[in-house]
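K.L.:
predicted model, plus sequence, below.
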Amino acid sequence: MNVIYTGELVRLRPFRDLAEWTALQREYEFFMSPFWGPWNWPEAKQARAFEEAGGLAVDKHTSFAIERLDTGECIGIEEHGGLSAGGLATWLGTCIAGKHHSRGFGREAKLLMLCHLFENFPLHSVYADTTGEHRRAQAGLEAVGMRQVGTYRACHWRAGNLVDVPLYQVMREEWEGLPIRGIVKRGSRT
């Protein structure tokens, strides 16, 4: 299984160790999103989950580091949901540190994660969601070939309000037509 994918801007790779993963988790934007609100997942529980498989437990939540190629800096997390035997779909999620927004890093990280998922697992679709107010995230999902397939109405509580959560999806056949497949380098750190 390939666990390192390199594009033109970023590389998806396993986290080096718990310290690198924890340092990124402690950054403000990873605890408090203006769109999602605070994440309430105790650090000790996060550490236990990470230590079980270095963040790469295929049957559970899996996290990859997003590394900028020009600086070597770890700037975010690309993750996907657990993959059960016979599972046909999973989700992906992207979190990029604020100072690295709007430079194409998140878009490319999503594309690299799609390569990882569709090349290594018998999935038929990958989905993602965001809040209805998060226009930049919606545009990023559409830019990687995902399309909105529905909306969970008033299903997320944030800042005293119920907000909608649009659901996006890309099918294997759609991914197969994306140009990233010819650009990505698989399994190499160079």
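P.N.:
Good, I have the coordinates.

K.L.:
tell me how far the spatially most distant residue from the centre of the chain lies from Asp17.
P.N.:
Taking Cα atoms, centre = their mean, the residue of the chain most remote from its mean C-alpha position is Gly160, at 26.6 Å. Distance, Gly160 to Asp17, using Cβ to Cβ, to the nearest Å: 39 Å. Using the backbone N, CA and C atoms, a C-beta is placed for each residue, glycine as well.

K.L.:
swap in Gly106?
P.N.:
For Gly106, the distance to Asp17 - Cβ to Cβ - is 24 Å.

K.L.:
more crowded one of the two?
P.N.:
The neighbour comparison of Gly106 against Asp17 (other Cβ atoms under 10 Å) goes to Gly106, with 26 against 12.

K.L.:
separation between the more buried one and Arg153?
P.N.:
Gly106 is 26 Å from Arg153, by Cβ to Cβ.

K.L.:
likewise Leu162?
P.N.:
Going from Leu162 to Arg153 by Cβ to Cβ gives 8 Å.

K.L.:
same deal with Leu92?
P.N.:
Leu92 is 23 Å from Arg153, by Cβ to Cβ.

K.L.:
so between these two, which is more surrounded?
P.N.:
Between Leu92 and Arg153, Leu92 has the larger neighbour count (other Cβ under 10 Å), namely 23 against 10.

K.L.:
so that one bridges to which residues?
P.N.:
Using DSSP bridges, the bridge partners assigned to Leu92 are His80.

K.L.:
point out the other helices and strands that whichever strand or helix holds Val126 packs with.
P.N.:
Taking DSSP states H and E as the definition, one finds Val126 inside strand 125-129. Under the contact criterion of 3 or more Cβ pairs under 8 Å, 6 or more residues apart in numbering; DSSP states H and E, strand 125-129 touches strand 89-96, helix 105-120, strand 161-171.
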